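Undergrad: Requesting a structural model of the entry that follows:
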Amino acid sequence: MGGGRPDAQAPAPLPLRLIKDVRTLTFEASDSSPVSPLCSATVVSDTHQGTTSSALARLNFHAARLLGVPDTGYRHLPGLAPEHLNDDRCRTPASTSVRIAELATGHTPWPELSRLLARESGIGSLGVWDYLITSAPTPLEGIRDASSYFATVADVATDTLRITEDGAHTVISHVNRADLAHEAACAVRAYALGLYQRRLSEAAQRRLVPLRVTLAAEAPGRHGALSELYGTRTIDFEAPHTSMTFLTADLTTPSPCAQPGLPALLRGHAERALATAVPLRDWLDLFRTALAAAHDRGTPTLAAVAHRLDVSPRTLQRRLDEHGTTWNGEAETLRRDRITQLLHHTDLTVDAIAVRSGYADARALRRAVQRWYGTTPAALRREGTAPARAVVTEGV
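TA: Below you'll find the model as predicted:
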């Protein structure tokens, strides 16, 4: 597959951050644990449609830079600010990755872009989704989990991973609803198959070559890059579906690096990642994540957040007004939420929380909590949850 032979390498170990996250779930889970094999339909449909993982956005961003695509065409796109792109909790607008792919196919043929994306998709680059495949008892069980949790990576409103088992053969399909002539979509479809093949091969510890490849794409002038990507010349273009057909026996052979009990933990981690994701669908989402990032570094200022969003302070205030809110109101709401979290989830004293939150002293913090909730910090901490009454005023 272009720059490497994933079949000759063992799957990379889980990154330390992922290991820590997984360990917080349970150490008693096993493959028979009551962890749902499917994502909650409401979590996916109501929260994540129209967005992709920041990991996928990083991959597209990286590929564009490797191809020499001028960043003036994409650096301003939603979700590409460093605090969004490098935060795995953020969900980037799907339109951002589509636009980057469109710019990339203006610099290189779409088969070349597909091969580059697959080559740069090292194990772990797409987070927990990768390890769902490589840690399962068999490659087939792994790709089933990957299909169930496809929302951790992609926008399932437009892209779907399907598995069809038919006796001796298993067909892995990628459904993308864009037009066959849309070169960016052709690149996405072809890359998706290359990614699935790579992960299955990494799970099997040997290169798995499909019996047949079909692409819902117009035949390119040259497709040597695709033959190299898939390891076969048996590729049918302008097909109704984008798919790869494998021998079922190849996918049901036990994976050498399977880790009993780990798949259930990873499924739990995937559920939690979806539940805690921050979709960046519109400008107000982007503003609030920029404000939160500035708050984490100290007391946020209008000028600092405007700089993060690459707009003037006056433009920032105008856009907040267009969205029915204000700078002071947003800053106060964030401060209220962070103080409430500190009261509920830490043992910090009220004085320490006041200092951390930018108040002159504990008395100022007590007045703020009284204004928001009609109670005291001590009472709020004892209750464990914020009362229904929460008033945010313009003053800070």
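Undergrad: Could I get the full set of strands for the protein?
TA: For the chain, the strands defined by DSSP state E cover 51-53, 90-93, 159-166, 169-176, 212-214, 235-236, 242-247, 278-279.
Undergrad: Quick check: which of those is buried the most?
TA: Between those, strand 51-53 has the highest mean count of neighbours, a mean of 28, where neighbours are mean count of other Cβ atoms under 10 Å. No exception for glycine: its C-beta is placed from N, CA and C like everyone else's.
Undergrad: Please name the strands paired to that strand in the sheet, noting orientation.
TA: With DSSP bridges as the criterion, the sheet partners recorded for strand 51-53 are strand 90-93 (antiparallel).
Undergrad: Show me the shaky parts of this structure.
TA: Applying pLDDT under 70 to the chain flags the ranges 1-46, 385-396.
Undergrad: what's the single longest helix in it?
TA: In the chain, assigned by DSSP state H, the helix with the most residues is helix 183-204.
Undergrad: any idea of the angle that helix forms with strand 242-247?
TA: Relative orientation of helix 183-204 versus strand 242-247 (axes from the mean of the first three to the mean of the last three Cα atoms, to 10 degrees): 20 degrees.
Undergrad: In this structure residue 65 contacts residue 74, no?
TA: No. Using Cβ atoms under 8 Å, residue 65 is not in contact with residue 74, being 9.8 Å away.
Undergrad: out of those two, which sits in the more crowded spot?
TA: For residue 65 versus residue 74, the count of surrounding residues by other Cβ atoms under 10 Å is larger for residue 74: 20 against 11.
Undergrad: quick one, what contacts the residue lying closest to that one once chain neighbours are set aside?
TA: Nearest residue to residue 74 in three dimensions, chain neighbours excluded: residue 100, at 5.2 Å (Cβ to Cβ, 6 or more residues apart in numbering). When contacts are counted by Cβ atoms under 8 Å, 6 or more residues apart in numbering, residue 100 touches 57, 60-61, 63-64, 69, 74, 77.
Undergrad: Can you pick out the ones from those that are in helices?
TA: Among the contacts of residue 100, DSSP H puts 57, 60-61, 63-64 in helices.
Undergrad: Can you lay out those residues as CSV showing distance to residue 88?
TA: Shown next, in CSV, are those (distance: Cβ to Cβ, whole Å):
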residue, distance to residue 88
57, 11
60, 16
61, 14
63, 19
64, 20
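Undergrad: and which of those residues is nearest to residue 268?
TA: Closest approach to residue 268 among these (Cβ to Cβ): residue 57, at 24.5 Å.
Undergrad: and that closest one, how many neighbours?
TA: By other Cβ under 10 Å, the residues close to residue 57 number 26.
Undergrad: Next one: it from residue 280, what distance?
TA: Distance, residue 57 to residue 280, by Cβ to Cβ, to the nearest Å: 10 Å.
Undergrad: any shared contact partners between these two?
TA: Jointly contacting residue 57 and residue 280 under the rule Cβ under 8 Å, 6+ apart are 79, 92.
Undergrad: Is the one residue sitting closest to the centre of the chain bridged to anything, and to what?
TA: Computing the C-alpha centroid of the chain and ranking residues by Cα atoms, centre = their mean puts residue 53 first, at 1.8 Å. Beta-bridge partners of residue 53, counted by DSSP bridges, are residue 91.
Undergrad: Touching, it and residue 149? I think so.
TA: No. In this structure, residue 53 is not within contact of residue 149 by Cβ under 8 Å, at 11.0 Å.
Undergrad: Quickly list what's touching both of these two.
TA: Common neighbours of residue 53 and residue 149 (criterion: Cβ under 8 Å, 6+ apart): residue 129.
Undergrad: hang on, the earlier thing: with respect to residue 374, which of the ones in helices among the contacts of residue 100 is nearest?
TA: So of the ones in helices among the contacts of residue 100, ranked by how close each gets to residue 374 (Cβ to Cβ), first place is residue 57, at 42.4 Å.
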